[in-house]
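In: 3D model of this:
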Amino acid sequence: MSEQPAFKNIGPARETEIYSLGFTGDSLSAPVAVDLLEQKAKQALSPEAYDYVAGAAGGEDTSRANREAFYRWRIVPRMLRDVTHRDLSVELFGARFPMPILLGPVGVQGIIHAEGEVASARAAASLGLPFVLSTASSRSIENVADLAGKAGTAPRWFQLYWTKNPEITASMLQRAERAGYAALVVTLDTTILGWRERDLQRRYLPFLLGQGLANFFSDPAFRALLPQPPEQNPAAAIQLWGSLFSNPALTWNDLPFLRQHTSLPILLKGIQHPADAARALDAGVDGIIVSNHGGRQVDGGIASLDALPGVVSEVRGRVPVLFDSGIRRGADVFKALALGARAVLIGRLYTYGLAISGEQGVRDVLLNLLADFDLTMALSGYASCSALDSSALAPAP
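Out: Next up is the predicted model:
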């Protein structure tokens, strides 16, 4: 088992220091308040890039539902419990991390900041937190591994968008494993891109401009299908990508293909129905991520937090259940863990910090979230994540 360094920036000695030593506020590159954080990120981004990041499917009902689901639960603090020494670490696939928080896969980070995924991966590694690289990244699998690898000891995971071409899929898996990525996250809910009104109104899809395609343009199986390299004929490469990306024919029967081409732990991302969780277990996957893609795919869909308890009940601890969609504050992390998640992934939250100040912006957003979660745990009477269960919550009246 690999041990991650203890998180040194928060803890029992920090409750007053976060004010007196300027841990938050003007000393940080990103605002503390989430609303101000998003506002400042909007100012830093082009209108097209901001809407691509902040937008969701259709009328954005699912995105709103993700946030409203957290409001339906209230934390019930417990008193006179010694929380002087808190261990908020979590173990996943043989590695221990200082907090139950991962940086989820967000594509096309090059439209957010020039350093893109490299900056985000470095910020995560410096805090001992895992970073999940999207297939649709602005930097290649190998480039992120090379440039972010020295920033810390936290592992990187790779997220797969499963294309129509099996040779490209196999190549991506093998590249990720060779580059030292420690787990595979397979996104199930995006075999077709959702109806996103903001992007449609602006006629903006970054992939059609060649952005977010670094892993394809650098892939030998993809390049072998082209009459000319992408560097010489980017239009043809973009057209090829467009013909291969959507893969609505995928079924549960295709999952063994992944195991044939990687030895990494496999997590399925996008599970929301208990019956699908059962199918995932039958398929022998190593983990499940309850997610609705931040509301970006199905308008009017179930909130991820509402889906979480049913999936956890079905899984019964046989594999780790992770959670994403809607996490903004420490209380959100607390509630997701109390409802059965082993850890959570964040997306838009850290990309707002990336937009404002690159690597330092991501790091400062993470520091705020980690400190908020740590204090929420302490004030609620919990010294470890494993002590949390549904008794820590009550339904809102």
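In: And the helices in the stretch 251-397 of the chain?
Out: Listed in chain order, the helices of the stretch 251-397 of the chain (DSSP state H, counting those that start in this stretch) span 256-261, 274-282, 304-315, 330-338, 348-380.
In: which one of the ones you listed lies closest to L127?
Out: Shortest distance between L127 and the helices of the stretch 251-397 of the chain, using C-beta to C-beta, is found for helix 348-380: 5.7 Å. All C-beta spots, glycine's among them, are computed from the backbone N, C-alpha and C.
In: any idea what sits nearest the residue sitting nearest the centre point of the chain, other than its immediate chain neighbours?
Out: With distances taken as C-alpha atoms, centre = their mean, the residue of the chain nearest its centroid is G104 (1.2 Å). Nearest residue to G104 in three dimensions, chain neighbours excluded: L345, at 3.3 Å (C-beta to C-beta, 6 or more residues apart in numbering).
In: S120 now?
Out: V362 (5.2 Å).
In: wait, that neighbour sits on Y350?
Out: Yes: at 5.0 Å, V362 counts as touching Y350 under the criterion of C-beta atoms under 8 Å.
In: between those two, who's got more neighbours?
Out: V362 (32 against 28; other C-beta atoms under 10 Å).
In: With F97 as the reference, measure out to that one.
Out: 17 Å (C-beta to C-beta, to the nearest Å).
In: Next: S63.
Out: 27 Å.
In: that older thread, can you tell me how far the residue nearest to G104 is from L339?
Out: Distance of L345 to L339, given as C-beta to C-beta: 15 Å.
In: Looking at those two, which one has more neighbours?
Out: More crowded of L345 and L339, by other C-beta under 10 Å: L345, with 26 against 23.
In: who's in contact with the more buried one?
Out: The contact partners of L345, taken as C-beta atoms under 8 Å, 6 or more residues apart in numbering, are I101, L102, L103, G104, V132, I289, S291, L322, F323, D324, I327.
In: The last one against I346, yeah?
Out: Yes: counting by C-beta under 8 Å, a contact exists between I327 and I346, whose distance comes to 5.0 Å.
In: More neighbours: which of those two?
Out: With neighbours defined as other C-beta under 10 Å, I327 and I346 compare such that I327 has more, 29 against 24.
In: all strands for the stretch 101-250 of the chain, in order.
Out: In the stretch 101-250 of the chain, the strands defined using DSSP state E, counting those that start in this stretch lie at 101-103, 131-133, 156-160, 184-187.
In: for the ones you listed, which one ends up most surrounded?
Out: Highest mean neighbour count among the strands of the stretch 101-250 of the chain (mean count of other C-beta atoms under 10 Å): strand 131-133, with a mean of 28.
In: Check which helices and strands that one sits against.
Out: strand 101-103, helix 116-126, helix 141-148, strand 156-160 (3 or more C-beta pairs under 8 Å, 6 or more residues apart in numbering; DSSP states H and E).
In: would you list those in CSV and tack on mean pLDDT and distance to E314?
Out: Formatted as CSV, the helices and strands packed on strand 131-133 follow (pLDDT from 0 to 100; distance: least, C-beta to C-beta, whole Å):
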stretch, mean pLDDT, distance to E314
strand 101-103, 98, 22
helix 116-126, 97, 30
helix 141-148, 95, 33
strand 156-160, 98, 23
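In: To A224, which of the ones you listed lies closest?
Out: Per C-beta to C-beta, nearest to A224 of the helices and strands packed on strand 131-133: helix 141-148, 17.3 Å.
In: tell me the angle the closest one makes with helix 116-126.
Out: Orientation of helix 141-148 against helix 116-126 (axes from the mean of the first three to the mean of the last three C-alpha atoms, to 10 degrees) gives an angle of 50 degrees.
In: And helix 141-148, how far out from the chain middle?
Out: Mean-position distance between helix 141-148 and its chain equals 18 Å (C-alpha atoms, centre = their mean, to the nearest Å).
In: go on, stretch 38-51?
Out: Relative to its parent chain, stretch 38-51 has a centroid offset of 20 Å by C-alpha atoms, centre = their mean.
In: Ok, stretch 77-97 next?
Out: Taking mean C-alpha positions (C-alpha atoms, centre = their mean), stretch 77-97 and its chain are 21 Å apart.
In: With only the CA atoms kept, save that stretch in CSV.
Out: Extracted C-alpha coordinates of stretch 77-97, given in CSV (Å, rounded to 0.1, in the frame of the first residue of the first chain):
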residue,chain,number,x,y,z
PRO,A,77,-24.2,17.7,15.0
ARG,A,78,-23.2,15.6,18.0
MET,A,79,-21.7,17.1,21.1
LEU,A,80,-18.9,16.3,23.6
ARG,A,81,-17.0,14.1,21.3
ASP,A,82,-13.2,14.5,21.3
VAL,A,83,-12.4,15.7,17.8
THR,A,84,-8.9,17.0,18.6
HIS,A,85,-7.2,14.5,16.4
ARG,A,86,-9.0,14.0,13.1
ASP,A,87,-8.1,11.5,10.5
LEU,A,88,-10.1,12.3,7.4
SER,A,89,-8.1,10.0,5.1
VAL,A,90,-9.6,7.5,2.8
GLU,A,91,-8.2,4.3,1.1
LEU,A,92,-9.0,3.5,-2.5
PHE,A,93,-7.4,0.6,-4.4
GLY,A,94,-4.5,0.2,-2.1
ALA,A,95,-3.6,3.9,-1.8
ARG,A,96,-4.4,6.2,1.1
PHE,A,97,-5.3,9.8,0.5
